[in-house]
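A.B. asks: the following block contains a protein sequence and its predicted model.
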Amino acid sequence: MAEISTATTSDKPGVRRSKKLSTRVDLTPMVDLGFLLITFFIFTTTMSEPVATRLIMPDDTKPVPDSPNVGESSALTILPVSGNKVFYYHGDMEGALRSGAYGITNFSMKDGIGQVIRDKQLAMDRSKPGSREDLTLMIKPTAASSYQDVVNALDEVAINRVPHYALMNITDDEKKILQEKNGGL
């Protein structure tokens with residue numbers, strides 16, 4: 001138990017003073033109150049609010065062409081597949097298969113799809129400075145991909161500041177190529 005003690009003594013011989021008793025203050029309730037307040041504020045404080053990713057979907061009332069009009073040099077298509085893998089290709093599918101501008105990667109920090117996007121942006125800047133703003137990323141999740149894979153792909157869009165991106169359906173040709181290239185992924 002905590003207490004405060006004060007004792008008084010007098011050095012003067014002729015004056016007689018009354019003896020004061022020591023004052024005793026119990027600080028235990030004060031300590032208890034302090035811990036209760038700390039506990040209350042810790043439990044009622046929010047650490048961070050979840051933030052939703054801003055996703056702009058196209059207008060469904062207008063007819064959409066089968067293939068978007070995107071320049072081949074500025075297009076990058078990623079197909080999240082099962083097992084945290086990503087199949088990607090540059091430009092159109094046929095041209096990418098002929099030239100070898102495709103690959104399979106993952107969502108790792110060092111050499112994943114984020115590095116592929118950064119490499120594409122650097123290549124576009126080397127060909128024409130400032131052209132990284134023309135990069136169009138098409139995300140086409142497969143039936144085997146998970147929701148987390150799509151969220152990871154959208155995170156890479158935000159991290160690498162890709163101004164133009166779209167969530168699209170996978171085509172039948174792309175399904176066939178995935179079956180051929182890696183046994184269905």
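C.D. replies: That came in fine, so what should we check first?
A.B. asks: which residue ranges of the protein form helices?
C.D. replies: Secondary structure of the chain, counting by DSSP state H: helices at 28-44, 93-99, 113-127, 147-159, 172-182.
A.B. asks: which of the ones you listed has the lowest average pLDDT?
C.D. replies: Looking at the helices of the chain, the lowest mean pLDDT belongs to helix 172-182 (a mean of 81).
A.B. asks: what comes up buried for that one?
C.D. replies: Buried residues in helix 172-182, counted by 16 or more other C-beta atoms under 10 Å: 174, 177-178. C-beta: built from backbone N, CA, C; applies to glycine.
A.B. asks: which one of these is nearest to residue 100?
C.D. replies: residue 177 (13.4 Å; C-beta to C-beta).
A.B. asks: quick one, what contacts the closest one?
C.D. replies: Taking C-beta atoms under 8 Å, 6 or more residues apart in numbering, we find residue 177 in contact with 93, 97.
A.B. asks: now it: how far from residue 122?
C.D. replies: Using C-beta to C-beta, to the nearest Å, residue 177 is found at 26 Å from residue 122.
A.B. asks: which residues touch the most centrally placed residue in the chain?
C.D. replies: For the chain, the residue nearest the mean C-alpha position is residue 155 (5.3 Å; C-alpha atoms, centre = their mean). Applying C-beta under 8 Å, 6+ apart, we find residue 155 in contact with residue 53.
A.B. asks: go again with 10 Å.
C.D. replies: 53, 107, 114 (C-beta atoms under 10 Å, 6 or more residues apart in numbering).
A.B. asks: residues near the first one, how many?
C.D. replies: What that stands for is residue 53. By the criterion of other C-beta atoms under 10 Å, residue 53 has 9 neighbours.
A.B. asks: surely it touches residue 152?
C.D. replies: No. Proximity of residue 53 to residue 152 does not meet the contact threshold set by C-beta atoms under 10 Å, at 11.4 Å.
A.B. asks: identify the contacts common to the two.
C.D. replies: Applying C-beta under 10 Å, 6+ apart, one finds that no residue jointly contacts residue 53 and residue 152.
A.B. asks: circling back to that earlier point, turn the helices of the chain into TSV, including distance to residue 137.
C.D. replies: Listed next are the helices of the chain as TSV, based on distance: least, C-beta to C-beta, whole Å:
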stretch	distance to residue 137
helix 28-44	41
helix 93-99	15
helix 113-127	7
helix 147-159	6
helix 172-182	15
